[in-house]
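> give the three-dimensional model of this entry:
(chains A and B)
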Amino acid sequence: MARGRHSSAWHLFGCLAVVLASHTPAASERLLVGHGGFPTLQAALAQARAGDTVHILPGVYREREIDIWVPLVIEASPGATLDGEGAGEILRVRASGTVIRGLTFRRSGVSFLRENAAIRIEGAHDCRIERNRLEGCFFGIYLSKSARCVVQYNVILGTAEREATSGNGIHLWYCRDILVRGNHVVRHRDGIYFEFVRHSTVEHNVSEDNLRYGIHFMFSDSCSYRFNLFQRNSAGVAVMYSRFILMENNRFEHNWGESTFGLLLKDISQSHVRRNVFLSNTTALYLEGSNHNLVDSNRFHANGWALRLMASATGNTFIANSFVANTVDATTNSTLSFNTFRANYWDRYRGYDIDRDGYGDVPFHPVSAFGILTERFPALLLFLRSFIAELWELAEQVFPVLTPMAIVDPTPLLEPPA
Amino acid sequence: MSKQRIVVSILAMLAACQPRPEPIRFGEDVCVYCQMGISDPRFGAELLTQQGRAYKFDALECMVEFERSGQVPTERIHSRWVVDFSQPGELIALESAEFVFTPAIHSPMGLNVYAVLQGRYEADSLLPRGQKLSWQEVVELVQTQWRQGPLQGSPLQ
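Numbers count the residues shown, from 1 in each chain, chains lettered A, B, ... in the order given. A predicted model of the protein is given here:
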């Protein structure tokens, strides 16, 4: 009995081997472009069959609107460049399972009507876009209606000086199960842009000096971004109209400007912001229309405002965060607030801990009366460190009128959390 | 003669008092409704109050929702302006615009409707083709489809 099963398994294996062998010759073709091979990538693609590898030798190839209709591996020697010459799109992948590796792309065209990308994945799944270099492109890598793709270790350098003539570095529209890892995006409109994306992960990327946001989520539920660095983006980072987002271990640094936010949460719910570092931003974390989020174990250091909590943000919990050397720890535009603060470290806290349990024995009110006033009349910031403002604070401590009693940390930490 | 002059100068002064739309500074202005930086010059809108204050938006959706929020009472609204898709960055009066819903473009807030000067859609075949809408229909689309989540009917979800 056992022997019979064994032999039928072998039989099956044999059949598979025959099937695989019969396919092998067609699947292993390697086509060369340049240096005596095909003169252009398009010429090679015309001959390529599914599963072939197209290898591009060093040189500048002035080609654009290149379509890939069958699954291929496109790879290149260092110095192989596809130049779109500032008009139209460069490479469009329409076949699932395609790999684009090690190419340099230059100058996809600026257009008001079309979002021209260097590499577009259009309705194709299981693709890999890795170790490419993009220079001066309108949009960089653009995925549309695609699933299970990996975009990793690409360097994407925009040249944009104005937002209008600059597209996004990595742009995802209606995608799911995408991994965006280890990319470096500089000087685009938004470094990384997600719209209608599900179950996707953005990790270990650097997104800096972009004209608008380092990363921008719109209508994208159940995604996470971790271990990224977002710095010097002119509007910071915005996560909007989404649920179930995990944001952890990121760094938001040096985002300065009148309407610039380390992290802007607009209409975000049931999400988790943890173990991030907010260093030196005009506003580190801004919440509007955002409910039932957990914000824990973050470090807010040397920001203008560490936390701005709008009246429309309720049911959020702030635990074990540390607030150090910020100009203003927290403000809100309302005297009512339905958010919970517990066991945070505030360097402004002047309480004591007689029972030595590590928590201060008197509660801390992180929102000052003056903070409330500046939220209503920003021009008052001029008087931030003035005698009048300090007098006001003192009076408020005795007879609180404006101080929102609801924003209170009943158990402030005496030492910053490890 | 002098009476005429007075009338003319009064008229001129009245004209000068009319609130004028402020150009949107793309890349600098921020949408007052969604807080997003306004960056795509093919889209955008502006609401002017009787006092001449301009509220700027990155997309039509945001202007509709802002009005609904009641932050500016309807009787204090002087006029509404929208960006003409065919002339990026140019504001035209809402009354002189028509609207096109098309899957061929991606608007900043996901509704995929653009505004264009009346008559131009027929005249210019390069403009993305779609379904023509009145302003009332745009408002209804925002309040039904967009608010309930633009994800419905998506190809992958």
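> what's stretch B:129-145 in contact with?
Residues outside stretch B:129-145 that contact it (CB atoms under 8 Å, 6 or more residues apart in numbering or on different chains) are B:60-61, B:64-65, B:68, B:94, B:97-104, B:111, B:113, B:121, B:152. Placement of C-beta: from N, CA and C, glycine included.
> buried stuff in it?
B:G130, B:L133, B:W135, B:V138, B:V139, B:L141, B:V142 (16 or more other CB atoms under 10 Å in any protein chain shown).
> again with stretch A:59-70
A:Y61, A:E63, A:R64, A:I66, A:I68.
> pipe the residues you listed into TSV and attach distance to chain B per row.
What follows is these, written out as TSV (distance: CB to the nearest CB, whole Å):
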residue	distance to chain B
A:Y61	29
A:E63	25
A:R64	19
A:I66	22
A:I68	20
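> could I get these as TSV with pLDDT?
As requested, the buried residues of stretch A:59-70 are exported to TSV (pLDDT from 0 to 100):
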residue	pLDDT
A:Y61	97
A:E63	95
A:R64	95
A:I66	97
A:I68	97
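> secondary structure and distance to A:F364 added to the residues you listed, as CSV?
Formatted as CSV, those follow (DSSP: H, G, I helix; E, B strand; the rest coil; distance: CB to CB, whole Å):
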residue, secondary structure, distance to A:F364
A:Y61, strand, 63
A:E63, coil, 63
A:R64, coil, 60
A:I66, strand, 61
A:I68, strand, 59
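> out of the residues you listed, which comes closest to A:S224?
For these, the closest approach to A:S224 (CB to CB) belongs to A:I68, at 29.9 Å.
> contacting residues around the longest strand that chain B contains?
As assigned by DSSP state E, the longest strand anywhere in chain B is strand B:77-83. Strand B:77-83 is contacted from outside by B:19, B:21, B:24, B:41-50, B:52, B:60, B:63, B:67, B:89-94, B:97, B:115, using CB under 8 Å, 6+ apart.
> any of those buried? List them.
Buried subset of the contacts of strand B:77-83 (neighbour count, 16+ other CB under 10 Å): B:21, B:24, B:41-48, B:60, B:63, B:67, B:90-92, B:94, B:97, B:115.
> which of those residues fall in strands?
B:A45, B:E46, B:L47, B:L48, B:L91, B:I92, B:A97, B:A115.
> let me know the closest of the residues you listed to chain A.
For those, the residue nearest chain A by CB to the nearest CB is B:A115; the value is 14.3 Å.
> could you give the bridge partners of the residue lying closest to that closest one once chain neighbours are set aside?
Counting by CB to CB, 6 or more residues apart in numbering or on different chains, B:A115 lies nearest to B:V82, which is 4.0 Å off, once chain neighbours are set aside. Beta-bridge partners recorded for B:V82 (DSSP bridges): B:A45, B:I92.
> what's the burial count for B:V82?
Look at B:V82: counted by other CB atoms under 10 Å in any protein chain shown, it has 27 neighbours.
> over to A:R243?
17.
> swap in A:V362?
A:V362 - counted by other CB under 10 Å - has 11 other residues nearby.
> ok, for the residue in the stretch 251-400 of chain A that chain B sits nearest to, nearest residue in space, not its chain neighbours?
Nearest to chain B in the stretch 251-400 of chain A, going by CB to the nearest CB, is A:S259, at a distance of 4.4 Å. Nearest non-adjacent residue to A:S259, counting by CB to CB, 6+ apart: B:V30, 4.4 Å away.
> where does chain B dip in pLDDT?
B:1, B:11-17, B:147-157 (pLDDT under 70).
> what about the helices in it?
For chain B, the helices defined by DSSP state H cover B:2-17, B:60-69, B:120-123, B:135-141.
> tell me which of those helices sits most buried.
Ranked by mean neighbour count, the helices of chain B are led by helix B:60-69 with a mean of 22 (mean count of other CB atoms under 10 Å in any protein chain shown).
> from the contact counts, what lies against it?
strand B:45-49, strand B:54-57, strand B:77-83, helix B:135-141 (3 or more CB pairs under 8 Å, 6 or more residues apart in numbering or on different chains; DSSP states H and E).
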